[in-house]
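K.L.:
requesting a structural model of the entry that follows:
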Amino acid sequence: MKQRSSIYSPGRTALLLAAGLCATAVVGAPSPSTNAAPVVADVRPGRSLFIIPTGPQEGKDPFFPRSVRAYGATAPVKPGPPTSPIVELALTGISGSTDKPLAIINNVTFGINDDNDVIAKGRRIRIRCVDINLTEGRVRVQIGSEMRDLRLPINR
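P.N.:
Residues are numbered from 1 along each chain as shown. Just a heads-up that it's a prediction; the model follows:
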């Protein structure tokens, strides 16, 4: 059986020890002595900087690589002039007497000069019933500062 050579053989160990001593002697050689103060390098960690990409060629979201929401409009959108709220109100019925008429708007019952909340398009809106005309089938309501007339749908 052939014996394997080992790194721990006495000849190789002496050779490695001699090479190591020579290397430390060269590196650790004393430099000419000066009385100057040691120079300390001012090393600060780099500052982390993230720039939001404006297009897919500049980078992508690592968690959602197919998403394009990060490349949205970079210019801020200027709001237009304020408009009155668009509310879909439906007059579903008129009842009551001529002295006390009642109107049903979006499943909420109103009398004259009644204020109540109505849900339209998932929003709660405060409206006020100003007038109910039983003969014409018309109701006048106030939404904020806007006045609106509602009519009963015509049955065919």
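K.L.:
helices along the chain, start to end?
P.N.:
Assigned by DSSP state H, the helices in the chain fall at 10-27.
K.L.:
what does the longest strand anywhere in it contact?
P.N.:
If you go by DSSP state E, the chain has its longest strand at strand 123-133. Outside of strand 123-133, the residues within contact range by C-beta atoms under 8 Å, 6 or more residues apart in numbering are 85, 87, 89, 94, 96, 101-103, 105, 110-119, 138-143, 147. The C-beta positions use only the backbone N, C-alpha and C, and glycine is treated the same way.
K.L.:
what stretches of the protein score poorly on pLDDT?
P.N.:
For the chain, applying pLDDT under 70 flags the ranges 1-9, 22-34, 36, 72-76, 82-86, 156.
K.L.:
where do the strands sit along it?
P.N.:
Going by DSSP E, the chain shows strands at 91-96, 101-105, 108-110, 115-120, 123-133, 138-143, 146-151.
K.L.:
now do the contacts for residue 89.
P.N.:
Here residue 89 is in contact with 105, 106, 118, 120, 127, 141, 143, 148, 150 (criterion: C-beta under 8 Å, 6+ apart).
K.L.:
how about 10 Å then?
P.N.:
Neighbour list for residue 89: 105, 106, 108, 118, 120, 125, 127, 139, 141, 143, 148, 150 [criterion: C-beta atoms under 10 Å, 6 or more residues apart in numbering].
K.L.:
what's the distance between it and residue 63?
P.N.:
Remark: distance between residue 89 and residue 63 (C-beta to C-beta, to the nearest Å) = 44 Å.
K.L.:
got it, and residue 95?
P.N.:
Distance from residue 95 to residue 63, counting by C-beta to C-beta: 58 Å.
K.L.:
compare the two and say which one has the larger neighbour count.
P.N.:
Between residue 95 and residue 63, residue 95 has the larger neighbour count (other C-beta atoms under 10 Å), namely 12 against 6.
K.L.:
these two touch, right, the more buried one and residue 103?
P.N.:
Yes - at 8.1 Å, residue 95 counts as touching residue 103 under the criterion of C-beta atoms under 10 Å.
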